[in-house]
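Q: Here is my input, please return the structure:
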Amino acid sequence: MQLTLRQQLTQFAHLLQSALFPAVEEEIGPLGITSKRLISTLSLIPLARFVPVARGWMGRPQKDRLAIARAFVAKAVYDFPDTRDLLDRLRQDAQLRSICGWQYARQIPHESTFSRAFAEFAQMQLPQFVHQALIRETQQHRLIGHIARDSTDIEVREAATPKQEPPQPQSQPRPRSKGGKPRRPRKAGDPPTRLERQRNMALEQMLRELPCYCSYSAKKSRAGHKQYWRGYKLHLDVADGQIPISAVLTAAHVHDSQAAIPLSTMTQQRVTALYEVMDAAYDAQEIMEHVRSQGRVPIIDPKPFGWGRRKSVIVCNYPRQLSWAEQDRYRERTMVERVNARLKDEFGGRHVRVRGAAKVMAHLMFGILALCADQLPRLVESG
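A: Numbers count the residues shown, from 1 in each chain. Alright, predicted model coming up:
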């Protein structure tokens with residue numbers, strides 16, 4: 001008989017409290033709250049399945065990559081600002097050292113070894129594969145009500161690269177607005193937009209076309225002031241229960257709508273959902289048609305009337321409005337904002353010290369892994 005997700009999580013929590021924690025405390029002493037969170041995280045994620053093993057090779061034996069991967073998960077759980085703080089804590093804290101897999105302080109690799117191992121993990125996309133396996137194992141047989149989609153800014157410490165948009169498939173330039181005036185209506189001879197091209201692309205092609213490098217961007221605060229930052233933008237799909245399902249990293253200047261179709265396609269391959277909830281930045285007819293073609297219902301806040309030409313209308317001159325039922329479901333969108341806040345405040349999202357899109361994504365995905373493992377047991381409590 002196949003157990004439901006609720007039964008599996010209940011059984012997992014029971015084993016943690018009755019068997020695993022007492023056995024670990026007997027070996028390394030009483031456990032704190034953060035140590036228990038780290039042990040439950042490492043027990044839940046299938047990390048050892050994807051870490052490469054270097055046994056049998058010629059030359060000097062390689063340092064234990066599985067222990068180093070556990071240490072990077074611990075860095076996200078403990079919210080250490082950089083790797084040096086992690087190494088200092090590992091040398092001083094015998095309990096944390098034992099949980100990661102080292103018995104003595106002299107066994108901990110040098111900081112340069114940690115850097116090389118992290119570069120390997122980023123190149124092979126280790127945390128992305130582990131997260132994908134975790135989602136499929138725990139959410140595949142669950143019917144998800146809402147998928148909330150949004151992005152958040154990721155500030156980094158690296159030089160910005162000038163915008164390098166990919167060449168358009170046709171030689172004719174795209175019409176652009178000048179002097180703050182609205183863009184002219186599209187004509188039959190205009191080249192297709194990125195959203196139109198994405199409708200006929202595979203997921204890998206869509207991800208390759210999205211710009212992914214350090215750039216500048218700006219956004220308006222609730223008070224109406226512009227806030228500038230340098231770095232990247234993380235786009236997330238979050239399911240009910242605040243479980244991150246899919247993640248895409250782009251350059252900071254990329255508009256939120258450009259990552260909507262790739263995220264929707266990625267989420268479709270992993271889970272079964274009913275509704276996709278998005279704010280007004282995703283108000284485009286191509287996004288709505290793509291979501292409907294995959295068997296889900298899009299709930300997108302209409303753009304405020306008064307600037308430019310609306311992208312989605314039901315009848316000419318009558319802008320689209322959300323019904324009272326859609327407005328009620330639209331309130332679920334705030335869960336993605338809570339996930340973004342937790343990722344930054346508790347799991348290292350504000351402490352990005354690496355450079356390059358691959359390493360930045362790996363750093364963020366270790367935090368998303370820890371956040372997922374922390375949120376999954378709460379599904380039992382929420383019922």
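
Q: use CA for all of it now, contacts and neighbours both
A: Fine.

Q: okay but V248 is in contact with D237, surely?
A: No: with contact defined as CA atoms under 8 Å, V248 does not count as touching D237 (9.1 Å).

Q: so where do the strands sit in the stretch 1-150 of the chain?
A: Along the stretch 1-150 of the chain, counting by DSSP state E, counting those that start in this stretch, strands occupy 143-155.

Q: just to revisit the earlier point, okay, and the common contacts of V248 and D237?
A: Residues touching both V248 and D237 (CA atoms under 8 Å, 6 or more residues apart in numbering): L263.

Q: Compare those two and say which is more crowded by neighbours.
A: D237 (27 against 19; other CA atoms under 10 Å).

Q: tell me the SS of the more buried one?
A: When classified by DSSP: H, G, I helix; E, B strand; the rest coil, D237 comes out as strand.

Q: Give me the distance between the nearest residue to it once chain neighbours are set aside and D256.
A: Using CA to CA, 6 or more residues apart in numbering and skipping residues adjacent in sequence, the residue nearest D237 is R149, 4.7 Å away. Distance from R149 to D256, counting by CA to CA, to the nearest Å: 9 Å.

Q: Please apply the same query to R329.
A: 21 Å.

Q: now do H235
A: Taken as CA to CA, the span from H235 to D256 is 8 Å.

Q: Repeat that for K75.
A: For K75 relative to D256 (CA to CA), the value is 29 Å.

Q: Would you check that the residue nearest to D237 makes contact with R333?
A: Yes: with contact defined as CA under 8 Å, R149 and R333 form a contacting pair (7.3 Å).

Q: per-residue confidence at G180?
A: As predicted, G180 sits at a pLDDT of 50.

Q: With Y213 instead?
A: Value for Y213, per-residue pLDDT: 94.

Q: Skipping its backbone neighbours, what lies nearest it in space?
A: Going by CA to CA, 6+ apart, Y213 has A251 as its nearest residue, at 5.0 Å.

Q: same deal with V291?
A: Per CA to CA, 6+ apart, closest to V291 is P298, 6.1 Å.

Q: Kindly export the longest helix anywhere in the chain (C-alpha atoms) in PDB.
A: Ranked by number of residues, the top helix in the chain under DSSP state H is helix 357-375. Below are the C-alpha coordinates for helix 357-375, written out as PDB (Å, rounded to 0.1, in the frame of the first residue of the first chain):
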ATOM      1  CA  ALA A 357      25.600  33.200 -12.500                       C
ATOM      2  CA  ALA A 358      26.300  29.400 -12.000                       C
ATOM      3  CA  LYS A 359      27.800  30.000  -8.500                       C
ATOM      4  CA  VAL A 360      25.200  32.500  -7.500                       C
ATOM      5  CA  MET A 361      22.500  30.000  -8.500                       C
ATOM      6  CA  ALA A 362      24.200  27.200  -6.600                       C
ATOM      7  CA  HIS A 363      24.400  29.400  -3.500                       C
ATOM      8  CA  LEU A 364      20.700  30.200  -3.700                       C
ATOM      9  CA  MET A 365      19.700  26.700  -4.400                       C
ATOM     10  CA  PHE A 366      21.400  25.400  -1.300                       C
ATOM     11  CA  GLY A 367      19.300  27.900   0.600                       C
ATOM     12  CA  ILE A 368      16.100  26.800  -1.200                       C
ATOM     13  CA  LEU A 369      17.000  23.100  -0.400                       C
ATOM     14  CA  ALA A 370      17.200  24.000   3.300                       C
ATOM     15  CA  LEU A 371      14.000  26.000   3.100                       C
ATOM     16  CA  CYS A 372      12.100  23.100   1.400                       C
ATOM     17  CA  ALA A 373      13.300  20.600   4.000                       C
ATOM     18  CA  ASP A 374      12.200  23.000   6.700                       C
ATOM     19  CA  GLN A 375       8.700  23.600   5.200                       C
END
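
Q: gap between P244 and I39?
A: 20 Å.

Q: Looking at these two, which has the bigger crowd around it?
A: When P244 is set against I39 and neighbours are counted by other CA under 10 Å, the residue ahead is P244, at 25 against 20.

Q: Before I go, just wanted to say thanks for your time.
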